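Engineer: model the following, please.
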Amino acid sequence: MIANNLITAASFTPNSLQIPNAWVGHLPFAAWVIQEVAPKIFVELGTHSGNSYFSFCQSVVEAGISSKCYAVDTWQGDEHAGRYNEEIFAKVNEHHQAHYAGFSRLLRMTFDDAVTYFADESVELLHIDGLHTYEAVRHDLDTWLPKLAPGAVVMFHDTNVRERNFGVWKLWEELQARYPNNLEFVHSHGLGVLQLNNAPDNKKVDWLQPSSAEKKRLINYFA
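Structural biologist: You can find the predicted model right below:
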């Protein structure tokens, strides 16, 4: 863990901040974790107005990381996010083209369609924030699992929402047992973070390990 990055993350100020605000409480963590993992390829499934994705991208720029970033979304909405008009994508695309087009792509398609454009074991950091039913989020993980690199880090938003047929919390309980290297933030609707079990020694994330003394400190810090 790079201690200085924690100090920098505390003062992170997003260049783009739009409604809805469900992810806002995790923006400093987004800025920090992408520097910690320094993925060659980062993929976000479900971008909406771009608060999370643009924070990841902004941190890539500010830290000088050599990452390729991809946002996957139909920009049409769903039963949880609601349906929205073309104006949402237009604003996202405008900001993206102005600031991040050199290393980032917006893939306007379904998650299932996008998966075919990535090589197996290539994605080192994945953020899943699409339709939040248990069946949908489990399908998203199962579909993208072959594309994840050994020891990839995966994030799930809305682990602490239990109404309106949200089921991420249920999948997260199952994943915690399967992947012991994990932590969960319960603020801002919850964010679960885990590392796959097959990490090579040089990719193991120490602050996600069950015995980590830093885990509780990180949870309190970012909360």
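Engineer: when you work out contacts or count neighbours from here on, use the C-alpha atoms and nothing else.
Structural biologist: OK.
Engineer: and residue 119, which of the three is it?
Structural biologist: Following DSSP: H, G, I helix; E, B strand; the rest coil, residue 119 is assigned to coil.
Engineer: ok, it - how many residues close by?
Structural biologist: For residue 119, the count of nearby residues is 12 (other Cα atoms under 10 Å).
Engineer: for it, list the residues it contacts.
Structural biologist: residue 147 (Cα atoms under 8 Å, 6 or more residues apart in numbering).
Engineer: tell me the predicted confidence for it.
Structural biologist: pLDDT for residue 119: 98.
Engineer: pull out the buried positions in whichever strand or helix holds residue 142.
Structural biologist: Per DSSP states H and E: residue 142 is located in helix 134-144. Across helix 134-144, burial judged by 16 or more other Cα atoms under 10 Å covers 134, 137-138, 140-141, 144.
Engineer: which SSE is immediately downstream of the helix or strand of the chain with the lowest mean pLDDT?
Structural biologist: Every helix and strand in the chain was compared by mean pLDDT, DSSP states H and E; the lowest is strand 82-83, with a mean of 56. Downstream of strand 82-83, the next assigned helix or strand under DSSP H and E is helix 86-99.
Engineer: which residues are in contact with that following helix?
Structural biologist: 16, 48-50, 54, 75-76, 104, 106.
Engineer: strands along this protein, start to end?
Structural biologist: 41-45, 68-73, 77-78, 82-83, 104-108, 123-128, 148-157, 182-185, 191-195 (DSSP state E).
Engineer: residue ranges with poor pLDDT in the protein?
Structural biologist: Scanning the chain for pLDDT under 70 picks out 1-4, 77-84.
Engineer: try it again with 80
Structural biologist: Within the chain, the segments meeting pLDDT under 80 span 1-5, 7, 20-23, 77-85, 161-165.
Engineer: one step back: check which helices and strands the helix holding residue 142 sits against.
Structural biologist: Packed against helix 134-144 by the contact rule (3 or more Cα pairs under 8 Å, 6 or more residues apart in numbering; DSSP states H and E) you find helix 111-114, strand 123-128, helix 168-178.
Engineer: measure the closest residue to residue 213 other than its chain neighbours to residue 218 for me?
Structural biologist: Of all residues not flanking residue 213 in the chain, residue 207 sits nearest, at 7.6 Å (Cα to Cα, 6 or more residues apart in numbering). Between residue 207 and residue 218 the computed distance is 8 Å (Cα to Cα, to the nearest Å).
Engineer: same question, residue 76
Structural biologist: 35 Å.
Engineer: who's in contact with residue 151?
Structural biologist: With Cα under 8 Å, 6+ apart, residue 151 has these contacts: 124, 195-200, 203-204.
Engineer: quick check: closest non-adjacent residue to it.
Structural biologist: residue 199 (3.5 Å).
Engineer: same check on residue 160?
Structural biologist: The nearest residue in space to residue 160 (Cα to Cα, 6+ apart) is residue 190, at 4.5 Å.
Engineer: quick one: contacts of stretch 129-144?
Structural biologist: Looking at what lies outside stretch 129-144 - Cα under 8 Å, 6+ apart - the contacts are 44-47, 78-81, 111-112, 115, 128, 156-158, 165-168, 170-171.
Engineer: I am finished for the moment; much appreciated.
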